[in-house]
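In: Starting from these lines, generate the structure:
(one chain, ligands or ions: 1)
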Amino acid sequence: MFRGKSRQTDKLDTRIREALGNPEWLQGIAVKPDGAVTLVIDADPNALDASEARRVEAEARAMNVKGVTSARAMLTAERTPSSAHTHSEPQQRPGTQRVRKGARLSDEAISQGQPGTPATDRIPGISRILVVASAKGGVGKSTVAVNLAAAFAKQGLRTGLLDADIYGPSAPTMLGTSGEAPQTNADGNLVPVKAHGIDSLSIGYLSDPDAPMIWRGPIVMSAITQMLNDAAWGTPDDPLDLLIIDTPPGTGDAQLTIAQRVPVTAAVLVTTPQEVALADVRRGAAMFSKTAVPVLGVIETMSWFEDPTGARHYLMGEGGGQKIADALGLPLLGQLPMLSEIREGGDSGKPAAAGNGSAANLFHEIARSVALNLDSLQTKAPPRIIFED
Ligand SMILES: Nc1ncnc2c1ncn2[C@@H]1O[C@H](COP(=O)(O)OP(=O)(O)OP(=O)(O)O)[C@@H](O)[C@H]1O
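Out: Sure, this is the predicted structure:
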């Protein structure tokens, strides 16, 4: 009986390998007697999109093999000697865990965030948590997160920024706090780094920016949990008014884990105006809807470029953000043109919203819309956010 089963799974193993073409990148196959298959695929941390495409294709091919009832592929990655970083490895800080960039999470981490796993209770020192998310990388999500935080802080709100972008933590650069490390207080809690009136914690403070990182298993959640729960954001008597979480782009495991396991009050979706973004943004919205996180609306970035004569050039298409918002039944919370003031603010560690230029006004307006929508979600305390003109 057992022997028979094992022969059956062996056969399936062979058939799947053949269906995939016996590739070198296939590190392993686990076949359960019921035909459930798990593929372990070697991922190139420098070509994550290609690895993701490989993962999807491998799952599809495995599913086509007779006898396979379900197929799931996991990407794993190791640092290779051909890594872009050839210099010697920096020393790991005591008490921190070295993680590497790129890989999907392990089954264990995924199972931590399975649907139905309740999010942790409200965090005593934090009144509200706003997630800033985007379907794609490089659209300006971190710029929005940092500048919204700066706009809220300028309004006198106790504002925190948790940079959970594991693939490219940019808050330290954008806040001018690169190289800083959060201290621990007498209770052993991390003390956020303060800049521009914003309390910040970033994956970037906990890991070496020069070391390529691959995030493995529970490390993602434990780092985020630590920065969320074991940090001196506020106290029950004097809580942070708003914590903004800058999530990694996309709808992968890290984002799902945050949406499921963190008591998020609401999310905003950041997008550029390109039409092609719609499917991705829809997926992002669906993820939040499945995890019962209200989405306040869409923020469009890089909407246009204004030349010195004042003429607008819609380099990435026009009206895409509104179309996306309409398609999702959400409000368009604001549009941000391409402004050198915004980029320079990010590069120099002085967020535009912390200053007094035209970009500051734009972020202030968007922050106001976000605040109004956030308030409409509150059924009872905490107190309303009041924006003064
Ligand atoms: N409205 C804007 N005007 C000019 N430059 C912008 C604007 N928004 C973002 N940028 C610039 O575009 C680049 C990418 O922005 P940002 O890092 O915020 O994107 P992201 O979506 O967070 O990317 P990632 O996927 O790396 O997290 C940065 O150099 C930033 O300064």
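In: which element follows the lengthiest strand in the chain toward the C-terminus?
Out: Selection of the longest strand in the chain by residue count, based on DSSP state E, yields strand 295-306. Sequence order places strand 312-313 as the next helix or strand after strand 295-306, per DSSP states H and E.
In: pLDDT score assigned to residue 39?
Out: We have a pLDDT of 79 for residue 39.
In: Any idea what it is bridged to?
Out: Beta bridges link residue 39 to residue 29, residue 73 when assigned by DSSP bridges.
In: and it, what is it in contact with?
Out: 16, 20, 26, 28-29, 58-59, 62, 71-74 (C-beta atoms under 8 Å, 6 or more residues apart in numbering). Backbone N, C-alpha and C define where each C-beta goes, glycine included.
In: Out of those residues, which comes closest to the ligand?
Out: Nearest to the ligand among these: residue 74, at 22.6 Å, using C-beta to the nearest ligand atom.
In: after the lowest-mean-pLDDT helix or strand in the chain comes which helix or strand?
Out: Within the chain, no helix or strand scores below helix 107-112, which has a mean of 36 by mean pLDDT, DSSP states H and E. Per DSSP H and E, the first helix or strand lying C-terminal to helix 107-112 is strand 129-134.
In: What helices and strands are in contact with that following strand?
Out: Strand 129-134 sits against helix 141-154, strand 242-246, helix 253-261, strand 266-271, helix 277-290, with contacts defined as 3 or more C-beta pairs under 8 Å, 6 or more residues apart in numbering; DSSP states H and E.
In: again, only this time at 6 Å
Out: Judged by 3 or more C-beta pairs under 6 Å, 6 or more residues apart in numbering; DSSP states H and E, strand 129-134 is in contact with helix 141-154, strand 242-246, strand 266-271.
In: how big is the angle separating the longest one from strand 266-271?
Out: When axes from the mean of the first three to the mean of the last three C-alpha atoms, to 10 degrees is applied, the directions of helix 141-154 and strand 266-271 differ by 130 degrees.
In: Between strand 242-246 and the helix or strand just after helix 141-154, find me the angle.
Out: For helix 141-154, the succeeding helix or strand toward the C-terminus, using DSSP H and E, is strand 159-163. Using the same axes, to 10 degrees, the direction of strand 159-163 lies 20 degrees away from that of strand 242-246.
In: Could you see whether the ligand lies near the helix or strand just after strand 159-163?
Out: Using DSSP H and E, the helix or strand that directly follows strand 159-163 along the chain is helix 171-175. No - Helix 171-175 lies apart from the ligand when judged by C-beta under 6 Å from any ligand atom; the minimum separation is 7.5 Å.
In: Contacts for helix 171-175, please.
Out: Helix 171-175 has contacts (C-beta atoms under 6 Å, 6 or more residues apart in numbering) with 146, 161, 163, 178, 195, 200, 202, 204, 346, 349.
In: near the ligand too, which of those?
Out: residue 346.
In: so what's residue 284 closest to, chain neighbours aside?
Out: In space, residue 284 comes closest to residue 135 once its chain neighbours are excluded; the distance is 4.7 Å by C-beta to C-beta, 6 or more residues apart in numbering.
In: okay but the one you found is in contact with residue 282, surely?
Out: No - counting by C-beta atoms under 6 Å, residue 282 is not a contact partner of residue 135; they are 8.3 Å apart.
In: Which residue of those two possesses the greater neighbour count?
Out: residue 135 (25 against 15; other C-beta atoms under 10 Å).
In: how near is that one to residue 166?
Out: 16 Å (C-beta to C-beta, to the nearest Å).
In: Ok, residue 181 next?
Out: 18 Å.
In: Mind checking which of these two has more residues around it?
Out: Using other C-beta under 10 Å as the criterion, residue 181 and residue 166 rank with residue 166 on top: 25 against 12.
In: Touching, the more buried one and residue 248? I think so.
Out: Yes - assessed by C-beta under 6 Å, residue 166 is found in contact with residue 248 at 5.3 Å.
In: Overlap in contacts, the two.
Out: In contact with both residue 166 and residue 248: residue 254, using C-beta under 6 Å, 6+ apart.
In: that older thread, can you lay out the helices and strands packed on strand 129-134 as TSV showing mean pLDDT, distance to residue 315 and mean neighbour count?
Out: Formatted as TSV, the helices and strands packed on strand 129-134 follow (pLDDT from 0 to 100; distance: least, C-beta to C-beta, whole Å; neighbours: other C-beta atoms under 10 Å):
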stretch	mean pLDDT	distance to residue 315	mean neighbour count
helix 141-154	97	17	28
strand 242-246	96	25	27
strand 266-271	95	15	26
